[in-house]
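1. predicted model follows, preceded by the sequence.
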Amino acid sequence: MSNLIINNAVANDEWTLVKLPASQIAERKQAGKVVLFKLTGENTVTDEQIAGTVIPATGKIIVPLSVFITRKAEFQARIASNEIGVWIDTHEVLESLIENQADLNVLPIIAVHVERFADGRIFSLGALLRTRYDFKNELRAFGDVLRDQLFFLKRSGFTSYLIRADRSAEDALASLKDFTKPYQGAVDNPNPVFKRYNRAV
Amino acid sequence: MYKYDEIDQQIVDERVAQYRDQTRRYLAGELSEDEFRPLRLQNGLYIQRQAPMLRIAVPYGMLSSKQLRKLGDIASKYDKGYGHFSTRQNLQLNWPKLEDVPDILAELATVEMHAIQTSGNCIRNITTDQFAGTAPDEIVDPRAMAEIMRQWSTFHPEFALLPRKFKIAVSGTQDDRAVVQMHDIGMEFYLDKNNKIAIKVWVGGGLGRTPILGSVIREHLEWQHALTYCEAIVRVYNLHGRRDNAYKARIKILVKALGIEEFKRQVEAEWAHLKDAPNTITETELARVSKHFDAMPYEALPAHDASFDTAIASNLAFAAWAKRSLHAHKISGYRAVTLSLKPHGSAPGDATTEQMHVVANLAEKYSFGELRVSHEQNLILADVKLSDLFAVWEKARANGLATPNIGLLTDIICCPGGDFCSLANAKSIPIAVAIQQQFDNLDYLHDIGDIELNISGCMNACGHHHIGHIGILGVDKDGSEWYQVTIGGSQGNQASIGSVIGPSFSAEEMPNVVQKLIEVYIKERTDEERFIDTARRLGVAPFKAHVYADKNAAKDEVAA
Ligand code: SF4
C-alpha cells in the first residue's frame, strides 16, 4: 500500500527518489541558511557526494538539488520527456535552483524534504515556490511528514504528501480538512476570510 | 469587546475536535511523546513538575464577565480552585489532567475562548495596554488591530512551526505600557502628518538570556499593511532563524547576526512582493472589527462626585486604596480601577474561583461587563463611575482584592518559578512572599513610592526581571538556588535593561538585600525622584557598596 497522498486521496507513487551517498562530514542543517552559508560560507553537500550519486538510467526520478545543478547537462533529454524532478532540503537556498532553472515548470514535480516535524521552513519554501516562482506542478512534502502538518502544508501550496512510512496515509487524509474556513489568505486561497465572506457585525 | 461570529466559533469548535483527536492518538500510543509535544504546546499544554500546566489565551488581555466566570468554574472543576494570571495577560491552570484538556477546551469554546498558540514555536497571544480605549494619553485604540492580527496569526499555515516562540505587542499611547520594545515585533500606532493611522514597527526585542531592546525597522507603515509587513518579517525569520540551538533561535539573534540594516533590507525585499497582496487590511474590515470596540454607553457625568469626595476625605483606608488603584479616564466622571492580585503573603497573580466570580460580578454591575488582565498580573475594571468606586472597593476589600499596593514595592511581577515550572533554576513565589512580608507596612510602602520589582525563576524571564527597577533572577549554582539582582531596568518609553549589582544571594538573604537597596534610595533621593530615577542618576556603585558591606565585613573577619 502506497503511503502517498496526492491532492485528497491515497495514490501510487510514480517517482523514484535518488539519494546522495552518505557523507563523512557532520552537517549543520538546522542552522538558518544565513548563518550556515552567508556567514560561514560552508556547504552541506560535498563534490564527492554529488559525483558519486548513482542516477538510474530510466524512469521518473527526483534528484537532489545539488546534483541537479552540478550535473544538469546529463538530464537535459530526460527533462524534455518529463522524467526529472528535483528535491530540496529545507536548509537549501531556493535562489540557487532558480538561477540554474529559470522556468520551474519544466519540472513535473518539486519535492521538499523535511527532516524533522518541527522544521517549519518547509511552509515558507512552499509559499515561495508557488507565489514567487510561479511553480504550477506537483509540490510534494516528504521526510518527517505526519498528519498534523497536512493542513498547513496544503495551505502553503503542497499538493502531495508522502506520509512517514510507519504511519497510515489513509488515517492522515482526515487532517486535510481540519478547518473549514481559515482566517488568513494563504497559497491555496489567497483571500483572507474578510474578503471571502460578508462578515457584517 | 470582540464577539465571535459563526466563522470564529467554527474555528474554535474545529480546534477542540482536532485537539481531542490528537490527545486520543497520544493516549492510544499512536503519537510518541516527541510527536505530541509540539501539538500540545501549540495548545498551551506544558508538562510541569507537578502536573501539566494549561495556558488559556486572553487575547490582548480582554475578558467579559461571562468568560471570567467560566474560567473560575473551570478552575474549580478541573483544578484546585485557583488560576494564575501571567505577564502575558493569559490565565494558567497549574493542575489540570492531560485527559481533561479536550473537555476544558470545549467548555472554553462555549464562551468564545481557547488555548490556541499560547505556547510552542508560533505567534503567541498579542498583548497590549490594559487601559486601551480608556487612557487619556491614547492616540489610537489598538484593540481592533490587535484582533485583526489575532485572526491573521491564528493557524497561519506558513508560521505554524517557527524556529522559536514569537511575541507581538501593540500600543497606541504616548506612554508605552505594552513594552513594545521588548517583543519580537512591537507596533506603536500613531497618527501621521496626514492624520492617518500609521505604525512604527520595532523588531528583535526580547528578554530571555540575551535581553535586547528592539530596533526600529520602519518608522512609518500605513495600517493597511500591518499583516503583509509582519508576513515579510516572519518569513525572513522562518527561513533564516537558527534552528540548531534553542537559545539562539529567537528573531533577536538573527537581527543581531545580520545587523538591523541588512535584516531590514531582506524584509523590505520580501515585502516588495507581499505589499498589496490580498491580506492587505480593508477599510471595511477595520470598520467591522472597530465596531466591537465602540465606546461604552457612558453617562454624561461631572468631573467630580460629592459622595466620592466625601468618602476620600473621611475614610483613610479607601483614600489610600484610591491613591494607588485608580487611573485617569478619557471620560469625565469615570476611572479605571486596578484590583490587586498581590495581597501580601500569597503568589502574585493568583486568583481563586471565588475571586474570579466576585470580579466577574463587579465588572457586570459597575463596568459594562468587561475587564482586563494587565501584564503586571492584576485585574482591571476599566470603566467605573466615581460614585460606584466606594462600593467596588468594599466588595473588593472583602475578597482580598484591594491591597493598596498598585505600583508599589509589593506589587511584584513574578513567574510561577520552581514551585511549578520545570525549567526553573530557583523558586520565585517564596521570594516574592518573603519580600511582601518584610515590607508589610503600608505607610512605608507609600513612602518608598513607585517602584517595580520583578522576579523570574530562570533566564527565560517570564517575570520580566530585566526591566524591573529591581530585578531578581533565579540562578543555579552547583545544584542550589541563588538569586542575582539587577537594578535600573525599566519598561515604558525609556525602556532599559537592568545592571547586575554583584554576586548572587541565597533565598534567606533576599528580603534584606531589597531592604538595603531601598535604604540607599531613601538616603540619596531628591524630593521628586522615584527609585528608578535615583538608580539611573547614581548608577550601581552606591547600591552595591551598601548591599555587600556586611558580606565583605564578614569575609574580612574570616580572613583576619
Ligand atoms: S522564568 Fe523560567 S522559571 Fe519562571 S516561568 Fe518562565 S521558564 Fe519557568
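-> Nice, thanks for sending it over.
2. residue of chain A closest to chain B, please.
-> A:G120 (2.9 Å; Cβ to the nearest Cβ). Yep, even glycine has a C-beta here, placed from its N, CA and C like the rest.
3. neighbours around that residue, how many?
-> A:G120: 28 surrounding residues under other Cβ atoms under 10 Å in any protein chain shown.
4. got it, and A:V18?
-> Neighbour count for A:V18, taken as other Cβ under 10 Å: 18.
5. check which helices and strands the host helix or strand of B:T310 sits against.
-> B:T310 is part of helix B:306-314, with elements assigned from DSSP states H and E. Contacts defined by 3 or more Cβ pairs under 8 Å, 6 or more residues apart in numbering or on different chains; DSSP states H and E place helix B:306-314 against helix B:316-325, helix B:389-398.
6. tell me the buried residues in it?
-> B:F308, B:A311, B:I312 (16 or more other Cβ atoms under 10 Å in any protein chain shown).
7. for the first one, give me its contacts.
-> In this case it means B:F308. Counting by Cβ atoms under 8 Å, 6 or more residues apart in numbering or on different chains, B:F308 touches B:L386, B:S387, B:L389, B:F390.
8. coming back round to it: rebuild the helices and strands packed on helix B:306-314 as a markdown table, extending it with mean pLDDT, mean neighbour count and distance to B:Y298.
-> Output for the helices and strands packed on helix B:306-314, formatted as a markdown table (pLDDT from 0 to 100; neighbours: other Cβ atoms under 10 Å in any protein chain shown; distance: least, Cβ to Cβ, whole Å):
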| stretch | mean pLDDT | mean neighbour count | distance to B:Y298 |
| --- | --- | --- | --- |
| helix B:316-325 | 96 | 18 | 20 |
| helix B:389-398 | 98 | 18 | 15 |
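9. tell me where chain A has helices.
-> A:33, A:47-52, A:65-70, A:72-80, A:94-100, A:121-127, A:147-155, A:169-172, A:193-196 (DSSP state H).
10. neighbours of B:A541, just the number please.
-> Quick note: B:A541 (other Cβ under 10 Å) scores 9 neighbours.
11. out of the helices and strands packed on helix B:306-314, flag the one nearest chain A.
-> helix B:389-398 (30.6 Å).
12. how about the closest one as PDB, C-alpha atoms only?
-> Taking Å, rounded to 0.1, in the frame of the first residue of the first chain, the C-alpha atoms of helix B:389-398 are listed here in PDB:
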ATOM      1  CA  LEU B 389     -16.000  53.300  43.500                       C
ATOM      2  CA  PHE B 390     -16.700  53.000  47.200                       C
ATOM      3  CA  ALA B 391     -19.000  50.000  46.600                       C
ATOM      4  CA  VAL B 392     -16.400  48.400  44.400                       C
ATOM      5  CA  TRP B 393     -13.700  48.900  47.000                       C
ATOM      6  CA  GLU B 394     -15.800  47.500  49.800                       C
ATOM      7  CA  LYS B 395     -16.600  44.400  47.800                       C
ATOM      8  CA  ALA B 396     -13.000  44.000  46.500                       C
ATOM      9  CA  ARG B 397     -11.600  44.500  50.000                       C
ATOM     10  CA  ALA B 398     -13.900  41.900  51.500                       C
END
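13. check what contacts it and list those residues.
-> Contacts for helix B:389-398 (Cβ under 8 Å, 6+ apart): B:307-308, B:311, B:315, B:317-318, B:321-322, B:326, B:335, B:337, B:339, B:358, B:362, B:366, B:381, B:384, B:402.
14. could you do stretch B:6-20 as well?
-> Contacts of stretch B:6-20 (Cβ under 8 Å, 6+ apart): A:175, A:178-183, A:193, A:197, A:199, B:4, B:39, B:43, B:101-102, B:105-106, B:108-109, B:112-114, B:116, B:151, B:154-155.
15. buried ones in it?
-> Quick answer for stretch B:6-20 (16+ other Cβ under 10 Å): B:I7, B:D8, B:I11, B:V12, B:D13, B:E14, B:R15, B:V16, B:Q18, B:Y19.
16. please apply the same query to stretch B:172-186.
-> Buried-residue list, stretch B:172-186, by 16+ other Cβ under 10 Å: B:172-173, B:176-186.
17. with stretch B:240-260 instead?
-> Here stretch B:240-260 shows B:240-243, B:248-258 as buried, counting by 16+ other Cβ under 10 Å.
18. and chain A, which of these contact it?
-> B:H240, B:G241, B:R242, B:R243, B:L254, B:A257, B:L258 (Cβ under 8 Å from any Cβ of the partner chain).
19. let me know the secondary structure of the fifth one.
-> Here B:L254 is helix, with the state taken from DSSP: H, G, I helix; E, B strand; the rest coil.
20. thought it was touching B:H240?
-> Yes - between B:L254 and B:H240 there is a contact under Cβ atoms under 8 Å: 5.9 Å.
21. looking at chain A, which residue is nearest the ligand?
-> Closest approach between chain A and the ligand, counting by Cβ to the nearest ligand atom: A:A118, at 19.2 Å.
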